[in-house]
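Chemist: Provided below for reference: sequence and predicted model.
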Amino acid sequence: MTRLMRKSLLWLACSMLVLVVSGCTEEKALALQSAAVQYRDQAVRALALTASGIRAATAMPAGTADELAVKLKAMNRPMDVDTLEFLLTGDAELARAAGEATRPLDELRDRVVAFSAIFDNLPRGSYLAREEVRRVIPVAFRMNQSLLNVAQQIETGTIRITDNARRIEIIEDSNAAIAMPVGAQRDLALQRAARSVMDLSARERQMRMDASVNLLQAAEIGNTLIGLARNYDQVELRDVLNALNDALTLTGRISPESKSIKQALTRLHGATKAWEEDTVLKPLLSQQITRNE
């Protein structure tokens, strides 16, 4: 678990402790609001990590004038308009492609932020009445589905999270080493290239794991929010706090280990299917969500 995640969980735990002292309807509502804020922060962090990884998968190494001169020298045909256009706009085209690839994540992030604002914008005197809480269930459910889908796509490789710029550098360094005359210098250069490949493999795996873990940790909190919203008019403050404490425990158990990620995916997908078949939630989940929700 990252230091930032531990700090966030400590903040929520402290908020929960304060609420235990009071223990009335208002405090129950505020506990749920605190969980919504935690859900927002964790989901936004997870989506930012994922988007950063996608952008890295299309990034190119930063070039210098000397490197450009070398490439021009190696050209086997005269410079033409198309080649110059590519040199001038290649990076911009990659940036546009990355922007298109991350657009769904940006839109999901905006929906998560708007979802949290639903709690903030409720009338002060209402303290999250039953119908108001029920109204957020379809929104939370669909957002959680989206978070799980993104995590699943990372797991299967549908979403590629790589350090493309570093890959290109390693390819160039490796080719340069292979082209060297046989001898000690070539052996050293090949060893450096091999270490670079191993380091890159570990770095890219860490990038994928960080994004997946944060997505699943957010989905864990979201799953708890759905359950609390379903039973909001029946539970007491202590039930809300116990449920949030259980969510923190499960969230803390999701780690970068591949087995842990797969287990969390399986468990949360199972929870999603259970909500879909729940007799209370089924009518709510079939409702169409309006744009302002």
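Modeler: Happy to help now that I have it.
Chemist: please report the distance of the most centrally placed residue in the chain from L30.
Modeler: Central residue of the chain (Cα atoms, centre = their mean): A46, 2.6 Å from the mean position. Using Cβ to Cβ, to the nearest Å, one gets 25 Å for the distance from A46 to L30. For glycine as for every other residue, the C-beta is placed from the backbone atoms N, C-alpha and C.
Chemist: all helices of the stretch 101-250 of the chain, in order?
Modeler: With DSSP state H, counting those that start in this stretch, the ranges of helices along the stretch 101-250 of the chain come out as 130-135, 137-156, 164-178, 184-230, 237-253.
Chemist: in a markdown table, list those along with mean neighbour count, distance to R111 and mean pLDDT.
Modeler: Output for those, formatted as a markdown table (neighbours: other Cβ atoms under 10 Å; distance: least, Cβ to Cβ, whole Å; pLDDT from 0 to 100):
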| stretch | mean neighbour count | distance to R111 | mean pLDDT |
| --- | --- | --- | --- |
| helix 130-135 | 16 | 15 | 74 |
| helix 137-156 | 20 | 6 | 94 |
| helix 164-178 | 15 | 29 | 91 |
| helix 184-230 | 19 | 12 | 94 |
| helix 237-253 | 18 | 21 | 82 |
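Chemist: just send those helices back as TSV, with distance to R267 too.
Modeler: Formatted as TSV, the helices of the stretch 101-250 of the chain follow (distance: least, Cβ to Cβ, whole Å):
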stretch	distance to R267
helix 130-135	24
helix 137-156	11
helix 164-178	33
helix 184-230	9
helix 237-253	8
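Chemist: and these: which comes nearest R109?
Modeler: Proximity to R109 (Cβ to Cβ) singles out helix 137-156 among those, at 10.0 Å.
Chemist: mind pulling up the pLDDT for the residue nearest to R160 when sequence neighbours are not counted?
Modeler: Spatial nearest neighbour of R160, excluding adjacent residues (Cβ to Cβ, 6 or more residues apart in numbering): A57 at 4.8 Å. On the pLDDT scale, A57 is placed at 88.
Chemist: now swap in R291 and tell me
Modeler: 44.
Chemist: what do you get for V21?
Modeler: As predicted, V21 sits at a pLDDT of 35.
Chemist: and the one 10 residues further on, by the same measure?
Modeler: With respect to pLDDT, A31 has a value of 80.
Chemist: I'd say it and N242 touch.
Modeler: No. With contact defined as Cβ atoms under 8 Å, A31 does not count as touching N242 (10.6 Å).
Chemist: show me the residues around Q287 that make contact.
Modeler: P138 (Cβ atoms under 8 Å, 6 or more residues apart in numbering).
Chemist: using the three-state scheme, assign it.
Modeler: Of the three states, Q287 takes coil according to DSSP: H, G, I helix; E, B strand; the rest coil.
Chemist: so how far is T224 from it?
Modeler: In terms of Cβ to Cβ, Q287 sits 22 Å off from T224.
Chemist: now swap in H269 and tell me
Modeler: Relative to T224, H269 is positioned 16 Å away (Cβ to Cβ).
Chemist: equivalent analysis for A56, please.
Modeler: Where T224 is concerned, A56 sits at a distance of 32 Å (Cβ to Cβ).
Chemist: same thing with Y232?
Modeler: Here the distance between Y232 and T224 works out to 12 Å (Cβ to Cβ).
Chemist: for P78, grab the count of nearby residues.
Modeler: Residues near P78, counting by other Cβ atoms under 10 Å, number 6.
Chemist: go on, M180?
Modeler: By other Cβ under 10 Å, 13 other residues sit near M180.
Chemist: any idea whether the residue nearest to the centre of the chain is helix, strand or coil?
Modeler: Three-state call for A46 (three-state DSSP): helix.
Chemist: for it, what are its contacts?
Modeler: Residues near A46 by Cβ under 8 Å, 6+ apart: 147, 211, 214-215, 217-218.
Chemist: let's see it at 6 Å
Modeler: By Cβ atoms under 6 Å, 6 or more residues apart in numbering, the contact set of A46 is 214-215, 218.
Chemist: where's it relative to T251, distance?
Modeler: 12 Å.
Chemist: next: D173.
Modeler: Taken as Cβ to Cβ, the span from D173 to T251 is 40 Å.
Chemist: ok, Y39 next?
Modeler: Note on Y39: its distance to T251, by Cβ to Cβ, is 11 Å.
Chemist: could you measure from V113 over to M198?
Modeler: V113 is 39 Å from M198, by Cβ to Cβ.
Chemist: for V112, same thing?
Modeler: With distances taken as Cβ to Cβ, V112 is found 36 Å from M198.
Chemist: try K259
Modeler: Distance from K259 to M198, by Cβ to Cβ: 22 Å.
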